[in-house]
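Here's my sequence, what's the structure:
(chains A and B)
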Amino acid sequence: MNISKILIIFILCIIGFVMFIPFLWLVSSSLKPMEDIWVFPPKWIPNPPRWDNYYNALTYLPFGRYILNTLFVTFMVLVGVLLTSSIAGYAFARLRFPGKDFIFYVLLSTMMLPYIVTLIPIYIMFKNLGWLDTYKPLIIPAYFGGGAFNIFLFRQFFMGIPQELVDSARIDGASEPSIFFRIIIPLSMPVVVTIAIFTFLGTWNDFMGPLLYLQSPQKLTVAVGLSYFRGMYSTQWNYLMAASTVMIIPPIILFLLAQRYFVRGIVLTGLKG
Amino acid sequence: MRKSGLLRQEMMWGYIFVLPAILGVIVWTAWPMIYSAWLAFHKWDLFTNPVPVGFGNFKEAFFEDPLFWHSLKVTAYYTIVGVPLQLIAGFLLALLLNTKIKGITIFRTVYYLPSIVPAVANSVLWMWLLNYEYGIINTFLGLFGVNKIDWLGDPKFVLPALWMMGVWGAGGSMIIYLAGLQGVPKEFYEAAEIDGAGSWSKFLYITIPMMSPVIFFNLIMGLIGSFQVFTVSYVMFQGGSGGPENAALFYVVKLWNHAFRYLEMGYASALAWILFIIILSLTLLVFKVLGPQVYYEGIK
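The predicted structure is shown next:
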C-alpha cells in the first residue's frame, strides 16, 4: 500500500458516494409521506417508511400488467436476437462462402445509420400490415439478424475460438448446426450473457417503440406507463419515485447477477476489431 | 470428392446462417431508406394521396420554419458540450478503476449502475433531483451560498442540467474504456519503465495511442446517439413541448411532432434525411481529421 493507492481509493470513494446519492434520494423519497417531501432541509431517512406508497403508485395504473407486458416483449426479443445474431456472427467468423466480406461490411454500415431515417417508413409499413397496437412491431424485427452490433460482437468472440476444434468436429462428421450449438455456444457464454444483458436493457428501457406502436391502456409497457404516470401526477414525488424504483430494480438485479460474465464478455470481445 | 462435399455444406450453412440478417437489411433498412427518400419529396397526411412537391419540404425547412434552425442549434450545442464531457468523464473514471486494489469491483459496479437506469425513470428521477424548491441539487448548492437555480424552468439552465445527467451516466463509455485499458500489454509499460519513462509519458505515449481506437469508437457512437436524443426531452417536458422557450426542442423531438402529431409524413421524412446527411458528414469529418491519429496495433 503506497501513498498513491490510498489517494486513489480516497478519490474513488468520494466520486462513488456522489454517484450513489441519486439512488439514495430515489429510494428515500419513495418511502416518504407527502408532508415530508416538502420539508426543508430534506430528511434522508423516512420514519416510519411508507410502504403503501408503492401499493398506491402501482395500483393507480395497472403497473403489474405493464411489467408482465414488458417481460413478454423482452423475452421474445431476446430469443430472436440471440438466435439470429449468433448464427450470423458464426457464419462471418468461421464459415467460408462467396460474398462474405461484402455482406459483412454492408451489415456493419447499417450500424452508422440513424434510426430516425427508417422510423417513418417502418411505421407506415406496420400500419398497412394492421400491426399497430400489437406487440409484433416490437418483436418481429429482432428475428431478422438481431442488430449489426450484436453480430459484430459474436463474430469477434467466435474468431477467438481455435479453428482446430471446428475442423476436428467436421472430420468426425458433425454437421455445421451441431458444431455450432454443441461446441461453439457452450464455449461462448460470456458473449452470450453480455449480449443478453444489452438486449434486455435495450428492450426493457425502450420508450419510443412502445410509445409509437401501442395504444390500448392495458397493452402498455413499463416505460410508457411511467411517462403517463408522470403526466398525471406531476407533483406526487413519493409515488413517482416509487414507480421509478420499480422500473429500475429489474435491470439492476440482472446486472448484479450477471456482472462477472458481463465484464469478461466486454473484455474478451475487446470491442476494438 | 468428399472434401468438395464438405465445402459445399459449409457454403450452404453460411448462407442459411446469414439469411435472416440479409433479409433484415433489405426489409428494415434498404427498402425504408428508399421509401423515406421518396416521401421527402412529397406531402402526405397518411389519409389522402401523397402530393409530389419537389424540393418544397427542404425549402420549407431551410427558409420558412424558424424552429428548424433553432432545434438544430439546440441539438448541436447539446452534442458539442455533452459528448466530450461524457467521454472525458468516462475515460477518467476508467483510469481510476484500472488500478489493482481489493474491492475494485464494488467501485466498478457503483460507477456503472447509473448508465443502466432506464431513460424514462432517469428523467423522472432527475426532475426531482433538479426540483427548484426541494431538489437535492439546489439544497447542496445552497450549502455553498449559491442561489436556487430553476434548472428545468430557466432556458439558460436546461442544457447544463442535461449535461449533468450525461456525466452521471458516463459509466457506459467507462466500461468500454476499461476493457480497452485491460487489453494494453503490460510489457509496453515495463519496457518504458526500463527506458526511464515517468507516469505522465507512459500515459501520453502508451495509454493514449493504445486507447485511441476505443476513444474513437466512443466518440463516433456518442455523436450519432447525441444527435438523436429524444426520450429525456419528451418525458421531462410533456410530450414534445420542447421546454421553456423551446430550450430542449431537440431535432428528433421536432421531427416526431411533425410525423406523429401533425401527420406531416413528407416533411418529417425530409427532416430525417437532413439529419442523416448532417450525421454522415460529421462522421466523415471526424474520420478525416482524427482517423489518421488513431493507432491500430496489428489487426487481429
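
any idea of the pLDDT on B:I299?
At B:I299, the pLDDT value in this model is 41.

That should have said B:M1, apologies.
pLDDT for B:M1: 44.

Quick check: which ranges of the stretch 1-150 of chain B have low pLDDT?
B:1-3 (pLDDT under 70).

give me that answer again for 80
Per-residue confidence of the stretch 1-150 of chain B (counting by pLDDT under 80) places the weak regions at B:1-6.

With the stretch 201-300 of chain B instead?
Applying pLDDT under 80 to the stretch 201-300 of chain B picks out residues B:295-300.

Those residues of it touching chain A, which are they?
With CB under 8 Å from any CB of the partner chain as the criterion, the stretch 201-300 of chain B comes near chain A at residues B:213-214, B:217, B:220, B:224, B:227-228, B:230-231, B:234-235, B:238-239, B:252, B:255, B:259-260, B:265, B:268-269, B:272-273, B:275-276, B:279-280, B:283, B:299-300. All C-beta spots, glycine's among them, are computed from the backbone N, C-alpha and C.

Just the ones of those residues in strands?
When DSSP state E defines the strands, the subset of those inside them is empty.

so where's the stretch 1-150 of chain A uncertain?
Low-confidence regions of the stretch 1-150 of chain A, defined here as pLDDT under 80, cover residues A:1, A:40-41.

Going by residue numbers, what spans are helices in it?
A:3-30, A:34-37, A:52-60, A:63-94, A:100-109, A:115-128, A:136-139, A:148-159 (DSSP state H, counting those that start in this stretch).

Nearest to B:L204, out of those helices?
For the helices of the stretch 1-150 of chain A, proximity to B:L204 was assessed by CB to CB; helix A:3-30 is nearest, at 18.0 Å.

any bit of that closest one sitting next to chain B?
Yes - applying CB under 8 Å from any CB, one finds that helix A:3-30 is in contact with chain B at A:5, A:8-9, A:11-12, A:15-16, A:19-23, A:25-26, A:29.

isn't A:P250 right next to A:L201, touching?
No - A:P250 is not in contact with A:L201 according to CB atoms under 8 Å; the separation is 9.7 Å.

for chain A, what are the nearby residues on the stretch 51-200 of chain B?
Listed as neighbours of chain A in the stretch 51-200 of chain B under the rule CB under 8 Å from any CB: B:93, B:96-97, B:99, B:101, B:105, B:107-114, B:116-121, B:124-129, B:131, B:133-134, B:136, B:139, B:168, B:175-176, B:178-180, B:182-183.

Quick check on those: which are buried?
B:93, B:96-97, B:107-114, B:116-121, B:124-129, B:131, B:134, B:136, B:139, B:168, B:175-176, B:178-180, B:183 (16 or more other CB atoms under 10 Å in any protein chain shown).

Which ones among these lie within strands?
Per DSSP E, these never map to strands.

For the one helix or strand A:A223 maps to, enumerate the helices and strands it packs against.
Taking DSSP states H and E as the criterion, the element that holds A:A223 is helix A:222-232. For helix A:222-232, the contact count by 3 or more CB pairs under 8 Å, 6 or more residues apart in numbering or on different chains; DSSP states H and E identifies helix A:52-60, helix A:63-94, helix A:189-205, helix A:208-213, helix A:237-269, helix B:119-129, helix B:231-236 as packing neighbours.

Would you indicate which residues of stretch B:167-176 are buried?
Of all the residues in stretch B:167-176, those buried under the rule 16+ other CB under 10 Å are B:167-176.

Report the two of the residues you listed separated the most.
B:W168 and B:I176 (17.1 Å).

Enumerate every residue touching the nearest residue to A:F63 once chain neighbours are set aside.
Leaving out its chain neighbours, the residue that sits closest to A:F63 by CB to CB, 6 or more residues apart in numbering or on different chains is A:G225, at 6.1 Å. For A:G225, the contacting residues are A:61-63, A:66, by CB atoms under 8 Å, 6 or more residues apart in numbering or on different chains.

what about 7 Å?
Neighbouring residues of A:G225 by CB atoms under 7 Å, 6 or more residues apart in numbering or on different chains: A:61, A:63, A:66.

Equivalent analysis for B:L181, please.
By CB under 7 Å, 6+ apart, B:L181 lies in contact with B:94, B:98, B:211.

The nearest residue to B:Q228 once chain neighbours are set aside and B:T75, how far apart?
When the adjacent residues along the chain are set aside, B:Q228 lies closest to B:V252, with 5.2 Å between them (CB to CB, 6+ apart). Between B:V252 and B:T75 the distance, using CB to CB, to the nearest Å, works out to 8 Å.

now swap in A:Y135 and tell me
Plainly put, A:Y135 is 31 Å away from B:T75 if you go by CB to CB.

tally of neighbours for residue 104?
Picked chain A for this. A count of neighbours around A:F104, defined by other CB atoms under 10 Å in any protein chain shown, yields 21.

sorry, should have said chain B
Burial measure for B:I104: 16 neighbouring residues, criterion other CB under 10 Å.

so what's the closest residue to it other than its chain neighbours up against?
Nearest in space to B:I104, with sequence neighbours left out and distances taken as CB to CB, 6+ apart, is B:L97 at 6.3 Å. Residues near B:L97 by CB under 7 Å, 6+ apart: B:104, B:107-108, B:111, B:178.

of all those residues, which comes closest to A:L108?
Of all these, B:L178 has the smallest distance to A:L108: 24.0 Å, by CB to CB.

how far away is that closest one from B:T99?
Between B:L178 and B:T99 the distance, using CB to CB, works out to 11 Å.

What residues does the stretch 51-200 of chain A have near chain B?
A:84, A:87-88, A:90-91, A:95-97, A:100, A:103, A:106-107, A:110, A:112-118, A:120-122, A:141, A:143-145, A:151, A:170, A:176-177 (CB under 7 Å from any CB of the partner chain).

PyMOL command to pick out the buried ones of the residues you listed?
One line in PyMOL is enough to select the buried members of these, burial here meaning 16+ other CB under 10 Å:
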select buried, chain A and resi 84+87+88+90+91+95+97+100+103+106+107+110+113+114+115+116+117+118+120+121+122+141+143+144+145+151+176
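
related to what we said a few turns ago, just the contacts of B:L97 now: which is nearest A:L256?
Within the set of these, B:R108 lies nearest A:L256; the separation is 11.7 Å, counting by CB to CB.

residue contacts, the closest one?
Under the criterion of CB under 7 Å, 6+ apart, the neighbours of B:R108 are B:L97.

A:V166 contacts A:R94, correct?
Yes - assessed by CB atoms under 7 Å, A:V166 is found in contact with A:R94 at 5.9 Å.

how does chain A divide up, domain by domain?
By the record's domain assignment, chain A is partitioned as A:1-50, A:52-269 (automatic domain parsing).

out of those, deepest packed?
With neighbours defined as mean count of other CB atoms under 10 Å in any protein chain shown, these peak in mean count at domain A:52-269, which reaches a mean of 19.

Keeping just the C-alphas, turn stretch B:217-233 into CSV.
In CSV, the C-alpha atoms belonging to stretch B:217-233 read as follows (Å, rounded to 0.1, in the frame of the first residue of the first chain):
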residue,chain,number,x,y,z
PHE,B,217,-15.4,4.3,-31.3
ASN,B,218,-17.0,6.0,-28.3
LEU,B,219,-16.8,9.4,-29.9
ILE,B,220,-18.5,8.3,-33.1
MET,B,221,-21.2,6.4,-31.3
GLY,B,222,-21.6,9.3,-28.9
LEU,B,223,-22.1,11.8,-31.7
ILE,B,224,-24.6,9.6,-33.5
GLY,B,225,-26.6,9.0,-30.3
SER,B,226,-26.5,12.5,-29.1
PHE,B,227,-27.8,14.0,-32.3
GLN,B,228,-30.8,11.7,-32.0
VAL,B,229,-31.6,12.5,-28.3
PHE,B,230,-35.4,12.2,-27.7
THR,B,231,-36.6,10.5,-24.6
VAL,B,232,-35.3,12.9,-21.9
SER,B,233,-36.9,15.9,-23.5
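
So which bits of it are buried?
B:217-224, B:226-233.
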